[in-house]
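Colleague: Prediction below, plus the sequence it came from.
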2 protein chains.
Amino acid sequence: MHPVPAREQQRRDSWRALQSAAVELVGRRGFAAVTVDDVAAAAGVSRRTFFNHFPTKVAALFDPDPADVELLDRLLTGADGSAGLWPALRGVWLAFLADHRGLALTPVRRRLVADPELAAHMRSAHLFVEVAMDRWAAGQLPGDPVTASLAVHTAGAVVGSAFATWSPDEPPAAFVAAAARGFDRLAPAFPG
Amino acid sequence: MHPVPAREQQRRDSWRALQSAAVELVGRRGFAAVTVDDVAAAAGVSRRTFFNHFPTKVAALFDPDPADVELLDRLLTGADGSAGLWPALRGVWLAFLADHRGLALTPVRRRLVADPELAAHMRSAHLFVEVAMDRWAAGQLPGDPVTASLAVHTAGAVVGSAFATWSPDEPPAAFVAAAARGFDRLAPAFPG
DNA sequence: CGTCCGGTTGCACTGAGTGCAACGTGATGG
DNA sequence: CCATCACGTTGCACTCAGTGCAACCGGACG
């Protein structure tokens, strides 16, 4: 592997220290009871540095790890759409859910979305997944953007429903399994 | 009809004046370039009164008119689930989309969601629809909350996809029609 | 060794959102 | 008709989120 330059390393360290601190503090005290200063102090950096890494307080909770963005890109470029859009979306989503770094934070995040305002922010942070899939799907079905959009949105709904009915007391794998069942149930609507 | 007490009337007037002013100003200048003071001034009330009606600036753009919340409740209590969950959800969604007050604001809102942050907020504001439908669907399928949740989430995805692919230059009716086609295409996944 | 680059920091500023006390007017009851 | 209450509105002061700017400092590079 390429040795990471010290500059880049420090950057990643600050990012992860801030996200860990934010999730940990908010999970313990609740969103409103944690200030940006608290998070910065817990991460050992200044308040200004916090905003160098995250544009908002919620971003610190939900922004995807760059490694996960990269993972999704790899999965999409390697995806095989020959058996139809739906099986491909199913495969990419399930592989992504199972392997991404953010999976470790999923139980905490699941508890946070009891606040509907935070739920919306989480969706917006995870929107990069649907955007990337949308671009990919549109490329697969050049002549039919409506079908592509419908499939991607529906796939997102499957994952969202699995997330909503999943209890954070269960292991994250149960969440992934529930998503898989959801994909199977909707398959009849998307014939190859 | 019951004559509305003057107190209640003033309340509604302020609410609608603020929402109109907010949508109008933000549609013209963009979200960041409009302050709460601007909106309050344009509506002819004080800054403090703004926050008496809306908890946040985005709420002024996307909070549902109480009349629409009431409309949805009426549609759900009158809904007939005997032919299956999916046709019932289809009927309620399409009737709601066609008749609700907010429809007039839909083109402006469609343009606003170019900003993904605002898109997330709109979804959260429209979440009351899915929450109400979720409660209703859970009542229809007491033994199977997973199917109920999946159907409601999927229905939301159909509407979301129609909204995303709809151009605000077309009439709002085209958006409703696109949603109807989406419901039809997903019907095979939800047999009676 | 000198120069440049880039992450970090402090400072000052705008604007969102809140708690509180006060005012004015419609609703209510004697 | 008047006293009282209820409630939408308002001003004020305060905390905190988010931003622009200039300065600092240590690693990268010739």
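Modeller: Received it, and whenever you're ready, just let me know what you need.
Colleague: so who does A:Gly91 touch?
Modeller: A:79-80 (CB atoms under 8 Å, 6 or more residues apart in numbering or on different chains). C-betas here are computed from N, CA, C, even on glycine.
Colleague: That one in helix, strand or coil?
Modeller: What DSSP: H, G, I helix; E, B strand; the rest coil gives for A:Gly91 is helix.
Colleague: right, and the helix or strand after the least confident helix or strand in chain A by mean pLDDT?
Modeller: For chain A, counting by mean pLDDT, DSSP states H and E, helix A:116-125 ranks last in confidence among helices and strands (a mean of 85). Sequence order places helix A:127-140 as the next helix or strand after helix A:116-125, per DSSP states H and E.
Colleague: List the buried residues of that next one.
Modeller: A:127, A:129-130, A:132-134, A:136-137, A:140 (16 or more other CB atoms under 10 Å in any protein chain shown).
Colleague: Repeat that for stretch A:184-192.
Modeller: Quick answer for stretch A:184-192 (16+ other CB under 10 Å): A:185-187, A:189-190.
Colleague: quick one: is it near chain B?
Modeller: Yes - using CB under 8 Å from any CB of the partner chain, stretch A:184-192 reaches chain B at A:185-189.
Colleague: can you redo these as CSV with pLDDT and distance to DNA strand D?
Modeller: What follows is these, written out as CSV (pLDDT from 0 to 100; distance: CB to the nearest atom of the strand, whole Å):
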residue, pLDDT, distance to DNA strand D
A:Arg185, 98, 38
A:Leu186, 98, 36
A:Ala187, 98, 40
A:Pro188, 97, 43
A:Ala189, 97, 39
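Colleague: Do you know the pLDDT at the closest residue to A:Ala67 other than its chain neighbours?
Modeller: Among residues not flanking A:Ala67 along the chain, A:Arg101 sits closest, at 5.6 Å (CB to CB, 6 or more residues apart in numbering or on different chains). Looking at A:Arg101, its pLDDT stands at 92.
Colleague: Tell me, how many residues neighbour A:Arg101?
Modeller: The number of residues packed around A:Arg101, counting by other CB atoms under 10 Å in any protein chain shown, is 13.
Colleague: ok, now A:Leu71?
Modeller: A:Leu71: 17 neighbours (other CB under 10 Å).
Colleague: Just the element for it, please.
Modeller: Applying DSSP H and E, one finds A:Leu71 within helix A:66-77.
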